[in-house]
Structure formats: structure tokens, C-alpha cells
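Peer 1: this one's structure only:
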């Protein structure tokens, strides 16, 4: 079956042309950046040292890669063996997500050729130190978790068995590193006690980033399964996705409790009654993208419907993206005389090129590696 | 070792910008294309080519407006957030007080720019991979200090609005000036306690809000992140490893017990094999 897929000549479809064009555009823009500097292709400036790439490619990218560790933990650690059919695509999505994060960093860093300095020069007080190490180590874990697909495809029995023997320690390391990494991205902004708006700044940012990542993990699995079931014309594992979605309301409830408890604890709840951009974003996130999907996902009717699952998952995903933009870009106060920042079209070109590369890589893996093997085996048995 | 500092007296400052020019001259910094801010302030903010900038602020004076001048440059914090934030130790603080930068360690992540409450570190946006962009900011004229000279800005200041010396002594000088002429100064030495103290000390004829200084507490900016890094992170790391390992063991045991008691048993390892 897999052999048959591999032998089929890949068609030059419009999708391939579009994805290829976007990837080439992104690469060309990156080349301009390497020759002429970040200022040549971006609107980043001394007031906005971090922009679209950090907020979207890095913060959102890492959060949206959370499906891998959540699913792996369910399957390997929490006894959720039945979710195994969802695991390989989730691992792949996470692995590609992390590779794209590294690519984005290689564009955004001023001295990308020195990224490995993180290994030799240590400042363990810096949150960025933790972020860097988590990216390196967790990408390695994801690569190992992904590797059996390659080993199986090429019939490499010995390494496949080695990974199989190590899979539980790998799952534990993956969940631990993910927890540290997701939370540390929130910790990055704890160092802005005076500039980040009071509604959004809290020492609990790491906990909030972690909780939203855990909630968005299953949501991303739902999104990715829905899309791949359409594209690759395979069945949708509706009962499994519905089961996985059951954890989302609990996590979102915990998130709301932490959000409100934090403001109540610091006596800042009254800030929510003042109408401004920051409080508006807070209400929009909580009402539209946390409370609403929390209710939806707790309804069995929604969990049993593919449309209901997809819609609610998109709400959770949008909420996470909104919260990352709020914390890292919108709610940070800038001084008088500060330049403004609207991402340059070429910044979008880099980001879109990377997403295209991720989609293309997913398609290639789905075509040439045993990505849905378990699913295929399951349906064959029926 | 005594801690060095600079006292900036905004009452004495005439806004001549000699300090700004002296800084450019000593450090060989080029002029830059700029945009009009509507006053003599130029460029709008510090940049990779302008490490010291005099801000011209119009302040309400009862029956009109008057100028207030603010020095915008590295404050050389006693507990610098940029140093705490730098993942590779490219930014560092020496015992004497100045906050310095190793260009050959920097990876260009620009977290220092985010962490600094004064928004001082700047980046060379026009430098590509071959030039190797760096973070730029005031060096406290460390090259002059080590030759026994005072910083270029202090040396050039005609109205002695800038004074270089021992930090404790300068705090005493600042407090004495406020005491002798309470009608001239707001009753506060900015930088004595702000964000854990800075090596730049400001006294001002207008309030520091009007002067445009950020209103900071007396705790170092990085207090919470350092707690997260040194306390919470190791605890989470160990807790997760032990907790998840234990959980796996418990879940597995329970499944094995259920398999024995129920008699049905699990269908064995369903790891896919093609």
C-alpha cells in the first residue's frame, strides 16, 4: 500500500505550484535580509525589537505544536492507548512546527550563525536561556519520536526497536520539556512589570501560557485531522477526537480561574471595567475564545459532530493566537517619541513562506512515510 | 572598589547638546537620517549611532510652557535587567558600575531591548550577515575611565549639569542641592532606588513624570523572572520527571491488574508494524 503510494508519480497540482511559489518568495526575502540586514525587509525598530516573527512564528508556532506532547502523554503515560491513531500526525505536526520555529529564529536573530552559542555561553538567570535549551532538546525528542516512520519505511529494524524501547522516557522528557518551554515563553514577558499592561502582566504568565498550550494541543489535533482527512480522503476519527476534546473544557476552566484569580489577588479586577484596548482584548479572549469553546466542547452533541469539533477547535486556536499577540505586541506600552510598528509585507512573506514549507513537508511525509499506518490497519480490520 | 556614577542636574542643563555631540565624537558615531519631532530634539530617540540624546520636553509652567531637558542614555543600573535577560552573557556589569557588552558573544536575540525599562539598547538594523549587527548603547566611556579620564559627555558639559564621581558621594551632592534650593528641584533623586538603583542619578526642576522618566518601583526589574528561573523552573523540571514517571508506573500497574482480574486482558502491544 505504502509502496503503491510511493510509486505513483507526484502530480504537478495547483497546490504544489502555490506552495512552491510561496516557499521561493520566503527564501528570496530571507536572502535579502541576510545581505542587507533586518531593516531592509522588516519594520522592526528600536522600540519594537520583536515583531510578527516572534509573536506569530515563535510564540504561536510553539503553542500550536502542543498537540504532539499532549497526545504523546495521553497515549504513552496516561493509558490512552486508543488515541494511538492520532499520535503520528500529531508528532509530525509538532516536529514540523518546531523546525519552523528554528527557521524563523534563523531569520529573526541578528547573528543566526551564532545560534549555537547558547550551548557554550550560559546565563541561567535568563529566560531566553531556558527557551533556547528547550527548543534544542525538545526538537531532538520530537525528531526521535518521528524517526520510527522513517525506519519503518526503509525497513531499518534495529533503530526502530531502539526507539520503541526508549519511547516511555522520551514521552516523559517530551512532556517535561514542553511544559518548561511553553511556560518559559510566558516568563519572557514577566520581565516587563512596568511596560506590559497591568491586566496582562502577571508572574503567572508562564502558568497561563502552559494551560493555553495544553488546551490548544487537542484543538490542533482536531484541525490537523480534519484537514488531512479531506486532503488524503481518509476517514475522520470522530470518536477519538471527541474523546480527546473532553479534556479541553477542564483546562480552559482552570485557565479562566487563574486569569480571574490573578487579577483578584492583585486587586486589579476593577481594571476590567475601564474600557480600553487592553481590557477589550481581555474580554474578547475570555468570552469569545475561552468560555464559548469551553461550553461547546462540554456538549456531547458538539463533540460528536465534525463541524462542531472543528468550529470549537478554531475558537481555541484563535484565542491562543489572540493572547500571544496581546502579551507580546499589543499590550506593551511604548514611550513617547517611539516609532510605530505595523509588520512589513515582506515580514508576512517570510511567515507565509514558512507555513507553506510546513504544509508541503506534511504532504510529503503523508505521501511517502507511514503516517497513517495505524489508521489504515484499523480500518482494514473492520 | 568605589562605584562610579554620573549626576545629571536638569535644572543646570541649558539644552546645548554638547554632551550629545561629544559622545558622537569620542565614539566615532556617524550622523543619521532623522525625522522632525517638532522641537530641537534630534533624532527622536537613541539609536545604534546615537548613544546619548537630549530630549526637549515642553512642560506647563503656570502661564505658559517651558523647556525641560532629559538625558536619554544607558542608566547603568545597579541590577541591570538587560544583563539578567541576556542568554549568552554578552551584556555584563563590572564591579565599578558600568554595564558593558561583548559584541563577539551576542547572538542578536534583542531580548535586552525588551527587558530594559528605559528602552536603551539599540540594534544595527542596516547590517547584514557579513557586517554582523550588534547591540549598541552608552559604554560609560569605559575606555576613558580606564585611562583616568571622565566620560566625554561630563567633560564637555559647560554648565556642569553633568558630574562624574563616586555614586554615594553624588547622591549626597544631589540631596544637598535639593536641601539648599527646595524651590528649584522636585524632592527626589531619581535613580537612587528606582529598579534597585541606577548609576545615573537625576535631579529635576519638574516632576519626573513630566520629565518623561518611567515610574519604576524599587525592586529590580528582573526579580520575578530570576525567581522563576532559579526556583520555579528547577522545581517544575524535577517534579514533572518524577511525577510523570510515577504516573506512568501507576497507570501501567492498574491496567495490568485489571487485565488479570477481568480475564479479558489487553490485546497486547499494538505498536504498528508494517
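Peer 2: Nice, I can see it. What you are looking at is a predicted structure, and each value in this text was computed from that prediction instead of being measured.
Peer 1: domains in the chain, as residue ranges please.
Peer 2: You didn't pick a chain, so chain A it is. Per automatic domain parsing, the structural domains of chain A span A:52-191+A:362-372, A:192-335.
Peer 1: You answered for a different chain; I wanted chain B.
Peer 2: Taken from automatic domain parsing, chain B resolves into B:4-80+B:120-220, B:222-265.
Peer 1: Of those domains, which is nearest residue A:232?
Peer 2: For the domains of chain B, the distance to residue A:232 is smallest for domain B:222-265, at 32.3 Å, taking C-beta to C-beta. Yep, even glycine has a C-beta here, placed from its N, CA and C like the rest.
Peer 1: from the middle of its chain, how far away would stretch A:229-249 be?
Peer 2: Relative to its chain's centre, stretch A:229-249 lies at 18 Å (C-alpha atoms, centre = their mean, to the nearest Å).
Peer 1: Quick check: mean pLDDT of that stretch?
Peer 2: Averaging pLDDT along stretch A:229-249 yields 91.
Peer 1: which residues sit against it?
Peer 2: A:71, A:74, A:82-83, A:85-86, A:214-215, A:218-219, A:221-222, A:225-226, A:228, A:293-295, A:297-298, A:303-304, A:306, A:309, A:312-313, A:316, A:363, A:366, A:372, A:375-376, A:379 (C-beta atoms under 8 Å, 6 or more residues apart in numbering or on different chains).
Peer 1: Drop anything exposed from the residues you listed.
Peer 2: Among these, those classed as buried by 16 or more other C-beta atoms under 10 Å in any protein chain shown are A:71, A:74, A:83, A:85-86, A:214-215, A:218-219, A:221-222, A:225-226, A:228, A:293-294, A:297-298, A:303, A:309, A:312-313, A:316, A:363, A:366, A:372, A:375-376.
Peer 1: Ramachandran coordinates for the residue of chain A found nearest chain B?
Peer 2: As assessed by C-beta to the nearest C-beta, chain B sits closest to residue A:110 within chain A, at 1.9 Å. Backbone torsions of residue A:110, given as degrees, to the nearest 10, read phi -70, psi -40.
Peer 1: Low-confidence bits of chain A, can you list those?
Peer 2: For chain A, the stretches with pLDDT under 70 are A:1-11, A:373-382.
Peer 1: how close does the residue of chain B found nearest chain A get to residue B:134?
Peer 2: Using C-beta to the nearest C-beta, the closest approach of chain B to chain A is made by residue B:108 at 1.9 Å. Separation of residue B:108 from residue B:134 (C-beta to C-beta, to the nearest Å): 8 Å.
Peer 1: okay, and the common contacts of the two?
Peer 2: Residues within reach of residue B:108 and of residue B:134 at once, by C-beta under 8 Å, 6+ apart, are A:110, B:123.
Peer 1: Tell me, how many residues neighbour the residue of chain A closest to chain B?
Peer 2: The tally of other residues near residue A:110 (other C-beta atoms under 10 Å in any protein chain shown) stands at 22.
Peer 1: Using the three-state scheme, assign the residue lying closest to it once chain neighbours are set aside.
Peer 2: Excluding its sequence neighbours, the residue lying closest to residue A:110 (C-beta to C-beta, 6 or more residues apart in numbering or on different chains) is residue B:108, at 1.9 Å. Secondary structure, DSSP: H, G, I helix; E, B strand; the rest coil: residue B:108 is coil.
Peer 1: which residues sit in contact with residue B:108?
Peer 2: A:109-112, A:114, B:123, B:133-135.
Peer 1: Return the residues in contact with the closest residue to residue B:252 other than its chain neighbours.
Peer 2: Counting by C-beta to C-beta, 6+ apart, residue B:252 lies nearest to residue A:79, which is 7.6 Å off, once chain neighbours are set aside. Residue A:79 sits next to B:251-252, B:254-255 when contact means C-beta under 8 Å, 6+ apart.
Peer 1: thinking again about what came up before, return the most buried member of the domains of chain A.
Peer 2: Mean neighbours per residue, mean count of other C-beta atoms under 10 Å in any protein chain shown, is largest over the domains of chain A for domain A:52-191+A:362-372, with a mean of 21.
Peer 1: May I have the secondary structure class of residue B:144?
Peer 2: Residue B:144 falls in the helix class when you classify it by three-state DSSP.
Peer 1: hang on, it packs against residue B:152?
Peer 2: Yes: if you go by C-beta atoms under 8 Å, residue B:144 and residue B:152 touch, sitting 6.5 Å apart.
Peer 1: Looking at these two, which is more packed in?
Peer 2: Just comparing residue B:144 and residue B:152: by other C-beta under 10 Å the higher neighbour count belongs to residue B:152, 21 against 17.
Peer 1: Could you verify my assumption that that one touches residue B:143?
Peer 2: No: here residue B:152 lies out of contact with residue B:143, judged by C-beta under 8 Å, at a distance of 9.8 Å.
Peer 1: ok, how many other residues are close to residue A:341?
Peer 2: Neighbours of residue A:341 under the rule other C-beta under 10 Å: 18.
Peer 1: Would you quantify the distance from it to residue A:36?
Peer 2: From residue A:341 across to residue A:36, the span is 19 Å (C-beta to C-beta).
Peer 1: what's the helix or strand for residue A:33?
Peer 2: helix A:14-36 (DSSP states H and E).
Peer 1: Next: residue B:172.
Peer 2: Per DSSP H and E: residue B:172 is located in helix B:167-180.
Peer 1: quick one: contacts for the nearest residue to residue A:356 once chain neighbours are set aside?
Peer 2: Once flanking residues are discounted, residue A:356 sits nearest to residue A:22: 3.8 Å by C-beta to C-beta, 6+ apart. Counting by C-beta under 8 Å, 6+ apart, residue A:22 touches A:352-353, A:355-356.
Peer 1: try 7 Å
Peer 2: Taking C-beta atoms under 7 Å, 6 or more residues apart in numbering or on different chains, we find residue A:22 in contact with A:352-353, A:356.
Peer 1: Out of those, who's the most crowded?
Peer 2: When neighbours are counted by other C-beta under 10 Å, residue A:353 leads the contacts of residue A:22 with 23 neighbours.
Peer 1: quick one: what helix or strand has it in it?
Peer 2: For residue A:353, the element it lies in under DSSP H and E is helix A:345-368.
Peer 1: Ramachandran angles for the residue nearest to residue A:110?
Peer 2: The phi/psi pair for residue B:108 (degrees, to the nearest 10) reads phi 80, psi 30.
Peer 1: Residue B:201 too?
Peer 2: Main-chain torsions, residue B:201, degrees, to the nearest 10: phi -110, psi 130.
Peer 1: all helices for the stretch 151-274 of chain B, in order.
Peer 2: B:152-156, B:167-180, B:208-211, B:223-227, B:233-262 (DSSP state H, counting those that start in this stretch).
Peer 1: Point to the residue nearest the middle of chain B.
Peer 2: For chain B, the residue nearest the mean C-alpha position is residue B:116 (3.2 Å; C-alpha atoms, centre = their mean).
Peer 1: Distance of that one relative to residue A:101?
Peer 2: For residue B:116, the distance to residue A:101 equals 25 Å [C-beta to C-beta].
Peer 1: Ok, residue A:320 next?
Peer 2: Distance of residue A:320 to residue A:101, computed by C-beta to C-beta: 15 Å.
Peer 1: Same check on residue A:119?
Peer 2: Distance, residue A:119 to residue A:101, by C-beta to C-beta: 17 Å.
Peer 1: Then residue A:42?
Peer 2: Residue A:42 sits 18 Å away from residue A:101, going by C-beta to C-beta.
Peer 1: does residue A:93 count as helix, strand or coil?
Peer 2: helix.
Peer 1: Spit out the contact partners of it.
Peer 2: Shown in contact with residue A:93 (C-beta under 7 Å, 6+ apart): A:65, A:67-68, A:220, A:224.
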